[in-house]
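Q: Coordinates for the following, if possible.
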Amino acid sequence: MLTRKSSRAIVLNKQNQIFLFRYTFDFFAEEDSIWITPGGGLDEGESFEEALKRELFEELGIELSGTNSMLQVYYRTPQYELKSGETVQSEERFYLVRLDETEFSYAGWTESENKRMTSGKWWSLEEIKTSGEKFFSEDILEILERLSRGEIPKEPIEIA
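A: Numbering: from 1, shown residues only. This next block holds a predicted model:
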């Protein structure tokens, strides 16, 4: 079984909107397009935190500094089946990142990101409730409701 570790960012602005990318998983057995958080896989020898900083710079053109929070708040360990029939065990860590910026640069996207990420958007809780779209977690409404109330987990919580 293949293993894939990744760092993901729950990017929130001052209005408690979450920034998500529409992403097409064309390499999974069941191809699907969903709205996902910025982030990605760890490179060899890279920590989860280092990967998060690199991914946010590549995908959004932002550099995390001491003024941005970067606290792990959630995790999940789903398994996926690839079109090849192989199974991937994923270890995903989600970090809370609060940003004032609303403009991003996509100049650092990889070839894979250019192929699979079709758009990025700030989502409000109400928009998510009424959208009918698929999101990175079944728990997205609960996650956003908690975070918008300032309820930051002291220890990372497992999500679906």
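
Q: Show me where this structure has its strands.
A: 2-12, 18-25, 32-36, 39-41, 71-76, 79-81, 87-98, 117-123, 157-158 (DSSP state E).

Q: Can you name every helix or strand that the shortest one contacts?
A: Judged by 3 or more Cβ pairs under 8 Å, 6 or more residues apart in numbering; DSSP states H and E, strand 157-158 is in contact with strand 71-76. The way it works is simple: take the backbone N, C-alpha and C, and place the C-beta from them, glycine included.

Q: now the strand it packs on and strand 2-12, what's the angle there?
A: Going by axes from the mean of the first three to the mean of the last three Cα atoms, to 10 degrees, strand 71-76 is angled at 130 degrees with respect to strand 2-12.

Q: circling back: let's have the strands of the chain in TSV, adding distance to S148, mean neighbour count and mean pLDDT.
A: Converted to TSV, those look like this (distance: least, Cβ to Cβ, whole Å; neighbours: other Cβ atoms under 10 Å; pLDDT from 0 to 100):
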stretch	distance to S148	mean neighbour count	mean pLDDT
strand 2-12	8	19	94
strand 18-25	10	20	89
strand 32-36	18	16	86
strand 39-41	21	20	93
strand 71-76	13	18	95
strand 79-81	30	13	84
strand 87-98	11	18	94
strand 117-123	12	14	88
strand 157-158	16	12	96
